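K.L.:
Could you work out the structure for the sequence below:
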Amino acid sequence: MQDIIKTVFDNTIQSIFELIRIEYSENKPKYPSFEVEQSRIGLFSNLVKAEQAIKKHVKDCGRKNIFGFLIKEFNLDQCTYWWTISQRNYLPNGSLLDENLIPIHGAAEILNTEFLGRPADKVRFHAGDLVEVLFGDTVTLEIVGAPPPSPEWVSERKKTYGNFRLDSSDDSYYTLGYSENENDDTHSHPQAVDLFPVRFSVSDELKSNLVTRYEACFKETSKS
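P.N.:
Numbers count the residues shown, from 1 in each chain. Down below sits the predicted model:
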């Protein structure tokens, strides 16, 4: 995904990789939401070692009670206040699901980076897909309203607005969660690395609620 960022990254800058394990807090998790627990299980000098640690953990401890893993990269010797310079999420078996290689906030300013759009072959989920969204220690079933901006969309905006610039927070999806209020327009913009595939059964009632919200949103969007 190096093609989706613009950077003048200094090769002398070193970083550290934090490995986070995500476990279920409940014996029988179910939708529309359930709790998980995140815990740091290691700090590594490079990505390869961090990913090897995931595979070893899965081999030694198995996948039972594992929701997934995160690897967050941080600059060393820089006052970036634990702002990540890359993030990755992994499935319970240790396989890479997605990645965001855009530094955030102050780290982006130091490294002079910007988000140039997510290519179609890097979009894991599409409009209308049901997904699990990780919000801290809570996982919520939601429906995708729209994927992150594409390179083409960003390019057009740059032509129209010369100083147009996106950052890490823009590499996000538009999602809608369960609501009993038909007029509820509440939505979220989770990072791409906070989305996971649905792994449990979804009731017809819950699916209908999410699809109805999605269709209502789509109709309003098409009018504008």
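K.L.:
which residues touch the longest helix along the chain?
P.N.:
For the chain, the helix with the greatest residue count under DSSP state H is helix 204-223. Applying Cβ atoms under 8 Å, 6 or more residues apart in numbering, the contact partners of helix 204-223 are 31-32, 127-128, 130, 141-143, 145, 176-180, 182, 184-185, 187. No exception for glycine: its C-beta is placed from N, CA and C like everyone else's.
K.L.:
What helices and strands are in contact with the helix or strand encompassing Gly68?
P.N.:
Secondary structure from DSSP states H and E places Gly68 in strand 66-75. Secondary-structure packing of strand 66-75 (3 or more Cβ pairs under 8 Å, 6 or more residues apart in numbering; DSSP states H and E): strand 15-24, helix 47-61, strand 84-90.
K.L.:
how much space is there between the closest residue to Glu51 other than its chain neighbours and Asn163?
P.N.:
Distances taken as Cβ to Cβ, 6 or more residues apart in numbering place Ile71 nearest to Glu51, at 7.2 Å, with adjacent residues excluded. Separation of Ile71 from Asn163 (Cβ to Cβ, to the nearest Å): 33 Å.
K.L.:
what's the answer for Gly94, then?
P.N.:
In this view, Gly94 and Asn163 are 42 Å apart by Cβ to Cβ.
K.L.:
More neighbours: which of those two?
P.N.:
Gly94 (19 against 5; other Cβ atoms under 10 Å).
K.L.:
wait, what's in contact with the more buried one?
P.N.:
51, 54-55, 57-58, 69.
K.L.:
what do you get for Phe125?
P.N.:
With Cβ under 8 Å, 6+ apart, Phe125 has these contacts: 131, 144, 147, 173, 195.
K.L.:
Select, from these, the two members most distant in space.
P.N.:
Across those, the longest distance by Cβ to Cβ is 10.9 Å; it joins Val131 and Pro147.
K.L.:
Can you check what angle separates the strand holding Gly68 from strand 15-24?
P.N.:
Angle of strand 66-75 versus strand 15-24, following axes from the mean of the first three to the mean of the last three Cα atoms, to 10 degrees, is 160 degrees.
K.L.:
Which strand runs longest in the protein?
P.N.:
The residue-count maximum for a strand in the chain (DSSP state E) belongs to strand 33-44.
K.L.:
What are the contacting residues of that strand?
P.N.:
16-26, 50, 53, 57, 67, 70, 134, 136-141, 178.
K.L.:
returning to that earlier point: as CSV, the helices and strands packed on strand 66-75 with distance to Ala216, mean pLDDT and mean neighbour count would be great.
P.N.:
Listed next are the helices and strands packed on strand 66-75 as CSV, based on distance: least, Cβ to Cβ, whole Å; pLDDT from 0 to 100; neighbours: other Cβ atoms under 10 Å:
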stretch, distance to Ala216, mean pLDDT, mean neighbour count
strand 15-24, 32, 95, 18
helix 47-61, 40, 95, 15
strand 84-90, 29, 93, 24
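K.L.:
Just send these back as TSV, with distance to Glu99 too.
P.N.:
Shown next, in TSV, are the helices and strands packed on strand 66-75 (distance: least, Cβ to Cβ, whole Å):
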stretch	distance to Glu99
strand 15-24	12
helix 47-61	10
strand 84-90	4
